[in-house]
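**Student:** 3D, please:
(one chain, ligands or ions: 1)
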Amino acid sequence: MKFSFNLTKQNSGARAGEIQTARGLIKTPVFMPVGTLATVKSLNQTDLNKLGAQIILGNTYHLFLRPGLEVFKSFNGLHKFMNWQKPILTDSGGFQIFSLPRARTISEEGAVFQSYVDGLSHTISPEKSIQIQNTIGSDIMMVLDECINSTADESRTREAMELTHRWALRSLNEYKKLLIYDQDQGKPYQALFGIVQGGVFKNLRKQSAEFLTQHEFSGFSIGGLAVGESKRQREEMTEVVTELLPVNKPRYLMGVGTPIDLLEAIRRGVDMFDCIIPTKMAQQGNAYTSGGLVKLTHSNYKFSDEPLDSKCGCSTCATYSRSYLQHLTKCREVLGWHLISYHNLYYYHRLMEAAREAILKERFMEFYSKTLSGWASGEGLGQGSLTVRGAETSERLLGREEAALNHVKKKNRGLLVSEMTLENS
Ligand SMILES: [Zn+2]
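**Tutor:** As a prediction, the model looks like this:
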């Protein structure tokens, strides 16, 4: 079974489709929970199946460092290792490598960086990234790209975009070589997506989309957003790119976002999303509901016997009160993180299903307005703070990773003996 995309319906720019992969069908628009280290934080595979996850993400950079490729070779890939039978998408590792400014060097060849696990130096080239993803055995792979801050100036952004293009072609060449071998071996088909870069510059985004769409990628990602730009810029860049992408291939907006971000992007023709926000926000006691964002740590909920969302059908809402969830969050109990993560991802999946349904019925804009007014009628979207929160979250997580790297360096110098646990993005 090869990879294909069927556009079922288009309505007011929004698209409903079906992606066929070697490990099953994905109905779009789709939200993909992030399983960075072969686990979607605080949830197990039964939870993910129950809430309706169709595909999850794995992170090439982290999985390459730990548990390492030998483990994936011995298990014939990530699916068997984590016992997840549905599709998996892997990123190229680019975002994580480039987020470590003091611990890596970039050249035409690739990126050299120091492992936060053991302090050893590693090189990830475009070819190497494809080889790693091939060993991990994901259903959808990404090319290695140079991901820079969206606040970079035009000349720096152009430089990164041009390197991304050269790397995309090298990735594609390596992919074709491995594909021939894998087909001979009867391995499940892996698709490869190109990544459109170009920061917040329309001309560069256009150039990037025009360049990449001339080559045989199975789909296209929009990268380099949700890394410091404004909401308006993100929407504008998304629109510029989706207008140039072929209608018969899936579009994936990387690292986005909040529920409103998702609807805004669906409206502009995006099919696929991933983000750590639902589980990360849950850890801090924040829940997305039909009435907007609920910050459970608020004193108003101390005695509240209401569910998180009376319109939600999830097991958290059926079983627990806001008061109890607040208590768990304040005590930093793992159960609180789990229960709110479950609700948040359940909510995201129902939102995607409802959007798809509305597109199929040619009522997307009606659904869009109604959902937005629902959020506004309750506790609001908290949009401004959420965008900032998302950025802060990434920064803090990456800061922690750097701290772990420094720790490894000190440890290697014999200065520290204790093991540090890293919880990363
Ligand atoms: Zn719920």
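
**Student:** give me the pLDDT value at M420.
**Tutor:** If you check M420, the pLDDT there is 31.

**Student:** G228 now?
**Tutor:** The model's pLDDT for G228 equals 85.

**Student:** wait, doesn't it sit right on T151?
**Tutor:** Yes: with contact defined as CB atoms under 8 Å, G228 and T151 form a contacting pair (4.9 Å). All C-beta atoms are positioned from the backbone trio N, CA, C, and that covers glycine.

**Student:** H165 looks like it's in a strand, true?
**Tutor:** No: under DSSP: H, G, I helix; E, B strand; the rest coil, H165 falls outside any strand and is assigned helix.

**Student:** give me the neighbour count for it.
**Tutor:** The number of residues packed near H165 is 22, by other CB atoms under 10 Å.

**Student:** same question for R232.
**Tutor:** R232 is flanked by 10 other residues according to other CB under 10 Å.

**Student:** for Y346, what are its contacts?
**Tutor:** By CB atoms under 8 Å, 6 or more residues apart in numbering, the contact set of Y346 is 51-52, 312-314, 316.

**Student:** what is the nearest of those residues to L120?
**Tutor:** Of all the contacts of Y346, L120 sits closest to L51, with 37.9 Å by CB to CB.

**Student:** torsion angles phi and psi at the closest one?
**Tutor:** Backbone torsions of L51, given as degrees, to the nearest 10, read phi -80, psi 0.

**Student:** give the contact list for the residue of the stretch 51-200 of the chain found nearest the ion.
**Tutor:** Nearest residue of the stretch 51-200 of the chain to the ion (CB to the ion) works out as L51 at 9.6 Å. Neighbouring residues of L51 by CB under 8 Å, 6+ apart: 314, 342, 345-346, 349.

**Student:** and what of N59?
**Tutor:** N59 neighbours (CB under 8 Å, 6+ apart): 34-37, 90-91, 93, 96, 425.

**Student:** run the last query once more with 10 Å
**Tutor:** Applying CB atoms under 10 Å, 6 or more residues apart in numbering to N59 gives the contacts 34-38, 65, 90-93, 95-96, 136, 424-425.

**Student:** and if you look at H327?
**Tutor:** When contacts are counted by CB under 10 Å, 6+ apart, H327 is found next to 296, 301-302, 320-321, 333, 336.

**Student:** which of those residues sits closest to the ion?
**Tutor:** Among the contacts of H327, and counting by CB to the ion, the member closest to the ion is Y320, at 9.4 Å.

**Student:** look up the closest residue to the closest one, ignoring the ones flanking it.
**Tutor:** L339 (6.2 Å; CB to CB, 6 or more residues apart in numbering).

**Student:** with G223 instead?
**Tutor:** I195 (4.2 Å).

**Student:** and the residue of the stretch 101-250 of the chain found nearest the ion, how close does it get to D261?
**Tutor:** Nearest residue of the stretch 101-250 of the chain to the ion (CB to the ion) works out as A226 at 25.0 Å. Going from A226 to D261 by CB to CB, to the nearest Å gives 8 Å.

**Student:** who has more neighbours, the two?
**Tutor:** D261 (26 against 23).

**Student:** report pLDDT for the more buried one.
**Tutor:** At D261, pLDDT is 96.

**Student:** nearest to F211 among the contacts of N59?
**Tutor:** Nearest to F211 among those is S92, at 17.4 Å by CB to CB.

**Student:** tell me which residues touch R156, please.
**Tutor:** 148-149, 199.

**Student:** how about 8 Å then?
**Tutor:** Counting by CB under 8 Å, 6+ apart, R156 has contacts I148.

**Student:** pull out the buried members of the contacts of Y346.
**Tutor:** 51, 312, 314, 316 (16 or more other CB atoms under 10 Å).

**Student:** what's the burial count for Q20?
**Tutor:** Other residues near Q20 come to 17 when the count uses other CB under 10 Å.
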